[in-house]
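**Q** sequence unavailable; structure follows:
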């Protein structure tokens, strides 16, 4: 957590982290507990207690069911910020936070969830609170990187976002289930100013990433950034493409999605088994990359890349930084995407050497 931000935050302020014992939630709690009072909350009280003990006297555990507001209304009376790291009943939880004028941060990557949260803008302003979403790697860093590209190039005509994830990353069953459910899923995107219906992981686009990744093919995936950035940054065409560090696994998943076998072989039902297996038999590394191939007014291709290690850890630290920002600054009330709250430079300053930026920008006239 940025010392500049957190030193200004009141140590008595309390941040509630829903799912604070998961891969992302644990990273949020660890970063915040250095300077804030943290409540590790979730349905599994034993896991919450274990995490709170790890964090020390700055933390406590709470059993909380997002479907039952009665389990957390009292907790909200003393909370300043809630960070939600689970994807269940998100809109209702956000509404409860606003009813108590509590800031709300959501790490969901689902387009549907973020679309619902966007509708809370007037409620958040009435409560003098801030709801922040598109927080994490994708969406989150992807949004900020497109915003950065536009600040360097001027208005963009097209942005292709590539997300490369390491299969050696320790993901929870819920995250694996969400990802597997997306394969073959139909959704629409805005391309060249028009709507187009596509299927997840059935259409690919190639790019060249910095070493050690090299030439890669990403496949369409329903991350929310491509749905929201055309409006927030006024870009005609935004598309998001996903691949994994293992070319073989990426290719196999493309074949399964293209043949529609995943519709009759619901791999997501085995997410618990896959999660456990991944701890013992990693199929890749933990490095990840986010790249934006951008076309500006000069019609030349430009590339902006962020590389890092540990997607869950970085996602958690981004969310923790946002929570700290809400505690220590006069953030505008309303419902905001991450790029509407801060820029990439602000976040990079906080994350330090956890992210590395490379740029390939064409000179005007080239």
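**A** Done, it's in. Please read all numbers here as calculations on a predicted model, not as lab measurements.
**Q** quick check: which ranges of the stretch 1-150 of the chain have low pLDDT?
**A** Residue ranges of the stretch 1-150 of the chain with pLDDT under 70: 1-12.
**Q** can you map out the helices along this structure?
**A** With helices called from DSSP state H, the chain shows them at 3-8, 23-32, 45-55, 73-76, 90-99, 111-118, 121-126, 142-153, 173-182, 225-232, 247-258, 271-280, 311-328, 344-351.
**Q** how about the last one: buried residues?
**A** Right, the one you point to is helix 344-351. Buried residues in helix 344-351, defined by neighbour count with 16 or more other C-beta atoms under 10 Å: 344, 347, 348, 350, 351. Where you see a C-beta, it was placed from the backbone N, CA and C, and this is true even at glycine.
**Q** about what we covered before: so which of the helices of the chain is nearest residue 191?
**A** For residue 191, the closest of these is helix 225-232, at 9.4 Å, according to C-beta to C-beta.
**Q** so what's residue 318 up against?
**A** Neighbour list for residue 318: 135, 136, 137, 140, 141, 338, 347, 351 [criterion: C-beta atoms under 8 Å, 6 or more residues apart in numbering].
**Q** before we move on, back to that, need the helices of the chain in JSON lines with distance to residue 164, can you?
**A** Shown next, in JSON lines, are the helices of the chain (distance: least, C-beta to C-beta, whole Å):
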{"stretch": "helix 3-8", "distance to residue 164": "29"}
{"stretch": "helix 23-32", "distance to residue 164": "18"}
{"stretch": "helix 45-55", "distance to residue 164": "29"}
{"stretch": "helix 73-76", "distance to residue 164": "38"}
{"stretch": "helix 90-99", "distance to residue 164": "27"}
{"stretch": "helix 111-118", "distance to residue 164": "20"}
{"stretch": "helix 121-126", "distance to residue 164": "33"}
{"stretch": "helix 142-153", "distance to residue 164": "12"}
{"stretch": "helix 173-182", "distance to residue 164": "14"}
{"stretch": "helix 225-232", "distance to residue 164": "15"}
{"stretch": "helix 247-258", "distance to residue 164": "9"}
{"stretch": "helix 271-280", "distance to residue 164": "17"}
{"stretch": "helix 311-328", "distance to residue 164": "10"}
{"stretch": "helix 344-351", "distance to residue 164": "18"}
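**Q** quick check: the residue nearest to residue 20 when sequence neighbours are not counted vs residue 163, distance?
**A** Spatial nearest neighbour of residue 20, chain neighbours left out: residue 40 (3.7 Å); criterion: C-beta to C-beta, 6 or more residues apart in numbering. According to C-beta to C-beta, to the nearest Å, residue 40 stands 29 Å off from residue 163.
**Q** now do residue 119
**A** Residue 119 is 26 Å from residue 163, by C-beta to C-beta.
**Q** higher neighbour count, the two?
**A** Neighbour count, other C-beta atoms under 10 Å: between residue 119 and residue 163, residue 163 has more, with 24 against 11.
**Q** who are the contact partners of the closest residue to that one other than its chain neighbours?
**A** Once flanking residues are discounted, residue 163 sits nearest to residue 138: 4.6 Å by C-beta to C-beta, 6+ apart. Neighbouring residues of residue 138 by C-beta under 8 Å, 6+ apart: 109, 161, 163, 223, 225, 240, 290.
**Q** okay, and the beta partners of the second one?
**A** Note on residue 161: beta-bridge partners by DSSP bridges are residue 240, residue 292.
**Q** residue nearest the centroid of the protein?
**A** The centre of the chain sits closest to residue 136, judged by C-alpha atoms, centre = their mean, with a distance of 2.7 Å.
**Q** looks like it contacts residue 319 (just checking).
**A** Yes: the pair residue 136 / residue 319 is scored as a contact, 6.7 Å apart, by C-beta atoms under 8 Å.
**Q** now do the shared contacts for the two.
**A** Taking C-beta under 8 Å, 6+ apart as the contact rule, residue 136 and residue 319 both touch 24, 107.
**Q** how far away is residue 214 from residue 159?
**A** Distance of residue 214 to residue 159, computed by C-beta to C-beta: 22 Å.
**Q** shaky segments in the stretch 151-300 of the chain?
**A** Applying pLDDT under 70 to the stretch 151-300 of the chain picks out residues 170-178, 193, 260-283.
**Q** quick one: residue 234 and residue 96, what's the gap?
**A** Remark: distance between residue 234 and residue 96 (C-beta to C-beta) = 33 Å.
**Q** per-domain residue ranges of the protein.
**A** The record assigns the chain these domain ranges, following automatic domain parsing: 3-136+313-347, 137-311+351-360.
**Q** quick one: the last one to chain centroid distance?
**A** For domain 137-311+351-360, the gap between its own C-alpha mean and the chain's C-alpha mean amounts to 12 Å (C-alpha atoms, centre = their mean, to the nearest Å).
**Q** quick one: end-to-end distance for it.
**A** 21 Å (C-alpha to C-alpha, to the nearest Å).
**Q** could we number from 40 for the rest of this?
**A** Okay, residue one is now 40; in that scheme the one you just asked about reads as domain 176-350+390-399.
**Q** buried residues in stretch 131-140?
**A** Buried residues in stretch 131-140, counted by 16+ other C-beta under 10 Å: 132, 133, 134, 135, 136, 137, 139.
**Q** I meant stretch 66-82, not that one.
**A** Under the neighbour-count criterion of 16+ other C-beta under 10 Å, stretch 66-82 has 66-72, 74-82 buried.
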